[in-house]
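# Next come a sequence and a model predicted from it.
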Protein chains: 2
Amino acid sequence: MVRVALDAMGSDHAPATEVEGVVRALGELPPTFGVTLVGQAAVVEAELAKYPNLDRSRVHVADAPEVITMADKPLDAVRKKRKSSIVVGLGLQSAGKAQAFVSAGNTGAMLAASTILLGLHPGVDRATVGTLLPTAEGPVLLLDAGTNLDCSARELLGFAYLGSVYVRDILDRPSPTVGLLNVGEEEGKGNAIVKEAHLLLKTAPGINYVGNVEGRDILSGHPSRGRLDVVVCDGFVGNVVLKFYESVLGLVRLLASREGLWDRPETRRAFRMLDYSQYGGAPLLGVKGTSIICHGSSNAHAIMHALRVAVQSIDRDVSSHIGRELANREAAQA
Amino acid sequence: MVRVALDAMGSDHAPATEVEGVVRALGELPPTFGVTLVGQAAVVEAELAKYPNLDRSRVHVADAPEVITMADKPLDAVRKKRKSSIVVGLGLQSAGKAQAFVSAGNTGAMLAASTILLGLHPGVDRATVGTLLPTAEGPVLLLDAGTNLDCSARELLGFAYLGSVYVRDILDRPSPTVGLLNVGEEEGKGNAIVKEAHLLLKTAPGINYVGNVEGRDILSGHPSRGRLDVVVCDGFVGNVVLKFYESVLGLVRLLASREGLWDRPETRRAFRMLDYSQYGGAPLLGVKGTSIICHGSSNAHAIMHALRVAVQSIDRDVSSHIGRELANREAAQA
């Protein structure tokens, strides 16, 4: 049995979106998958009652009377709201009652609570959120995608290790290429931190580093090395790129509509790849366990997809592999 | 007569691209427009000889035997290569023999040389490159687009003033909205510099500030204020976003081709807006004069467009308006 705890109170339309996502996931994921909805029990049960045919042996509810809002300060909220869905949900994982936690709630609180309650693997300075961006040649992992706004060069190097393990495990790419997001490909480009990160990455054992990459290379691939697997940047840049990309489908739809093209099934099929609800669920990498972050604006499809990402991460044992990778690296440096 | 000096040695395929751009511009722009090609005179003349019907009363050549390459360190190059096309071309403007300078060469050298040879308007801390990004509702000016990688809050505020004047003059938008690119719209989001810039912008006289904006708002518009006119960010983020966007057309073309849609004229028409060669020519704002920067990979169409931007900037008197705007601001603060 694989049991995933899901924050029932996280999204903009919680708990309806979360419950609908669970209903879909039960149909899509293997019968060994079960979920524990974490939130205000009466509210969650009332929502579940709308689906009388639900297999309740697979769907549990854990009560969490408090709610962390988007306006709460992350660390404060985690310390003070001990009965919130995020703290209770991650607590289930620490206690061995769930193997993963998924939330569309306050991202900063998820980062803080996951770091405190699950702990970091030795050798990890900071956990990081990675996001898969769709490209014509398959997804590329961008990290950090918005949790760590200021990063040191050493932290950027750490992201390269975390991202490489995730892509190897989840996308089955044995030797992932890593690019450092920069303003030019030449040596010596960039601000002080990025220049230092480039030097660290160049000599880092176990990283298939292709060098500095530019904004265009994320979608188009590196001029000589082709598709990138992992693109490393600080969370400010990553978040801007991610959200910018999320708006491209809207532009494409609008431009196609103006020529009467959007109603045609082949047009929608062509650009379906850009639909971000397919990619719900960004892993928080570096924590001892599995913590998956969703957009506050997630729909049921995105929640379902995030639950799938959680199950994949458990099945492929991503967290253990990260622990081993970093232990090997520390040993090599000692 | 409007005379624009053009670096003949700047682009990847110089001087052929530049000369072809000039030929096109002579046909497109008013007969009062003339150009001075600045570069190795023999090479430029040989290229011009391919167009025997050219009206040479409108096309002059100024000899500049030295070339600043992309590998040169900007400030060194400007100081040492006094006979380079960038230094000679900007010198024509200082001497009143041209009213603008356009170059697809080394951007850092253009920034350094323009700052030194033309000077900055009083009240400008640093000149900035602005780039117009196409959106479905018209272009939005993103600045800085890659020249100033690290910016102080005060510099970001300065970009808001420079961008507002440019958009007012060139796009005829009387009260341009300004957004600060950030990771969230709420007060208190962002790194330390962006937080401080938000506070400065909120109280800045003469700026129509709409607040923090996210990556998605660049293309989609602000959730309540609609289309943005000016988006302010540091040059690292701006450069990544700009280049990322430049690669979107390639992705759209590839996805449309897979469904056999790209061969249809209505598809190409729908997405023509994304063709970046239409938008060649980014203004360097804050200098006393007109300095226009092009991509090294510019084609003749982009060069032609950059020459048009130069002529517009002269006609609308952007530089004087920037000087006046900043003088008013200084006076208001005194």
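Alright, I've got the coordinates. If you're wondering where the values come from, they're calculated on a predicted model, not measured in any experiment. Numbering: from 1, shown residues only, chains lettered A, B, ... in the order given.
# In the top helix by length along chain A, which of the residues would be classed as buried?
Secondary structure assigned by DSSP state H gives helix A:153-171 as the longest helix of chain A. For helix A:153-171, the neighbour count (16 or more other C-beta atoms under 10 Å in any protein chain shown) marks A:153, A:155-170 as buried. Where C-beta positions appear, they are placed from N, C-alpha and C, glycine not excepted.
# Check stretch A:255-271 too.
Buried positions in stretch A:255-271, judged by neighbour count with 16+ other C-beta under 10 Å: A:Leu255, A:Ala256, A:Glu259, A:Leu261, A:Trp262, A:Thr267, A:Ala270, A:Phe271.
# Would you mind giving the secondary structure of the fifth one?
So the one you mean is A:Trp262. Three-state call for A:Trp262 (DSSP: H, G, I helix; E, B strand; the rest coil): coil.
# Was I right to think it contacts A:Ala256?
Yes. If you go by C-beta atoms under 8 Å, A:Trp262 and A:Ala256 touch, sitting 4.4 Å apart.
# Check the burial of A:Arg82 by counting its neighbours.
By the criterion of other C-beta atoms under 10 Å in any protein chain shown, A:Arg82 has 11 neighbours.
# ok, so what distance separates it from A:Gly91?
9 Å (C-beta to C-beta, to the nearest Å).
# Name all residues that make contact with A:Thr147.
In this structure, A:Thr147 makes contact with A:Thr107, A:Gly108, A:Leu111, A:Ala127, A:Thr128, A:Val129, A:Gly235, A:Leu284, judged by C-beta atoms under 8 Å, 6 or more residues apart in numbering or on different chains.
# Looking at these, state which has the most neighbours.
A:Thr128 (30 neighbours).
# show me the contacts for that one.
Going by C-beta under 8 Å, 6+ apart, A:Thr128 touches A:143-145, A:147-148, A:158-159, A:162-163, A:235, A:284-286.
# In JSON lines, list these along with pLDDT and distance to A:Ala300.
Formatted as JSON lines, the contacts of A:Thr128 follow (pLDDT from 0 to 100; distance: C-beta to C-beta, whole Å):
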{"residue": "A:Leu143", "pLDDT": "97", "distance to A:Ala300": "26"}
{"residue": "A:Asp144", "pLDDT": "95", "distance to A:Ala300": "27"}
{"residue": "A:Ala145", "pLDDT": "93", "distance to A:Ala300": "22"}
{"residue": "A:Thr147", "pLDDT": "88", "distance to A:Ala300": "25"}
{"residue": "A:Asn148", "pLDDT": "91", "distance to A:Ala300": "29"}
{"residue": "A:Gly158", "pLDDT": "96", "distance to A:Ala300": "34"}
{"residue": "A:Phe159", "pLDDT": "97", "distance to A:Ala300": "31"}
{"residue": "A:Leu162", "pLDDT": "97", "distance to A:Ala300": "29"}
{"residue": "A:Gly163", "pLDDT": "98", "distance to A:Ala300": "28"}
{"residue": "A:Gly235", "pLDDT": "96", "distance to A:Ala300": "27"}
{"residue": "A:Leu284", "pLDDT": "97", "distance to A:Ala300": "22"}
{"residue": "A:Leu285", "pLDDT": "98", "distance to A:Ala300": "25"}
{"residue": "A:Gly286", "pLDDT": "97", "distance to A:Ala300": "29"}
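# Quick check: the farthest pair among those residues?
A:Ala145 and A:Gly158 (14.8 Å; C-beta to C-beta).
# Now the strand or helix carrying A:Ala256 - C-alpha only, CSV.
In this assignment (DSSP states H and E), A:Ala256 forms part of helix A:248-258. Provided in CSV are the C-alpha atoms of helix A:248-258 (Å, rounded to 0.1, in the frame of the first residue of the first chain):
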residue,chain,number,x,y,z
VAL,A,248,2.3,31.4,-23.2
LEU,A,249,-0.7,29.0,-23.8
GLY,A,250,-3.1,31.9,-23.2
LEU,A,251,-1.2,34.0,-25.8
VAL,A,252,-1.2,31.1,-28.3
ARG,A,253,-4.9,30.5,-27.8
LEU,A,254,-5.7,34.2,-28.3
LEU,A,255,-3.6,34.6,-31.4
ALA,A,256,-4.9,31.3,-32.9
SER,A,257,-8.5,32.4,-32.1
ARG,A,258,-8.0,35.7,-34.0
